[in-house]
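Engineer: Predicted coordinates and the sequence they were generated for:
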Amino acid sequence: MTRRATRAAASFGRASTMSVKDRRKALGIDRKTLAQHAYVDPPTVQLIELGYDADATVLERIDKTLSALEAGEAPPNWKAQVDQEIANDPDAQKFGSSS
C-alpha cells in the first residue's frame with residue numbers, strides 16, 4: 001500500500017483494516033453500484049481504490065454506505081442530503097440562476 005493509500009485508508013472507519021476495494025468486492029458490487037449508493041462519481045471510487053486522497057465528506061459517505069451494505073441495511077439517502085446542502089448554500093444557488 002502506498003503512503004497516499006495508507007493516509008486515505010486511515011482517515012475513515014473500517015477501511016483502515018480493509019480497503020474500500022476489498023469491502024466492495026466482498027459485497028459483490030462493482031464500482032458503479034458503490035458510486036451510485038454513495039452518490040459520487042464512479043471515477044472517484046476508482047481513484048480512492050488506487051490510493052488517491054479524497055475529500056473527507058466523500059470518504060465518509062463511502063464508508064457509511066459500505067457499512068450499511070455490510071450490515072444488510074439500505075444505504076443512506078445521500079442524494080437528499082446533498083440536494084438539501086445545495087439548497088441551503090447561497091453560493092451554490094448562484095450557479096443555477098440565469099443572468
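Structural biologist: Now that the structure is in, tell me what you want to look at. Residues are numbered from 1 along each chain as shown.

Engineer: Pull the distance from stretch 67-76 to the chain's centre.
Structural biologist: A distance of 13 Å separates the C-alpha centroid of stretch 67-76 from that of its chain, computed with CA atoms, centre = their mean, to the nearest Å.

Engineer: Just the endpoints, please. Distance across that stretch?
Structural biologist: Across stretch 67-76, the terminal residues are separated by 10 Å (CA to CA, to the nearest Å).

Engineer: neighbouring contacts of it?
Structural biologist: With contact meaning CB atoms under 8 Å, 6 or more residues apart in numbering, stretch 67-76 is reached by G13, R14, R23, A26, L27, I29, H37, A38, R61, K64, T65. C-beta coordinates here come from the backbone N, C-alpha and C atoms, glycine included.

Engineer: Phi, psi for A35 please.
Structural biologist: phi -60, psi -40 (degrees, to the nearest 10).

Engineer: any idea how far it is from A56?
Structural biologist: As judged by CB to CB, to the nearest Å, A35 and A56 stand 17 Å apart.

Engineer: Pick out whichever of these two has more residues nearby.
Structural biologist: A35 (20 against 10; other CB atoms under 10 Å).

Engineer: Let me see the contact set for the nearest residue to the more buried one once chain neighbours are set aside.
Structural biologist: Nearest non-adjacent residue to A35, counting by CB to CB, 6 or more residues apart in numbering: P42, 4.2 Å away. By CB under 8 Å, 6+ apart, P42 lies in contact with R31, K32, A35.
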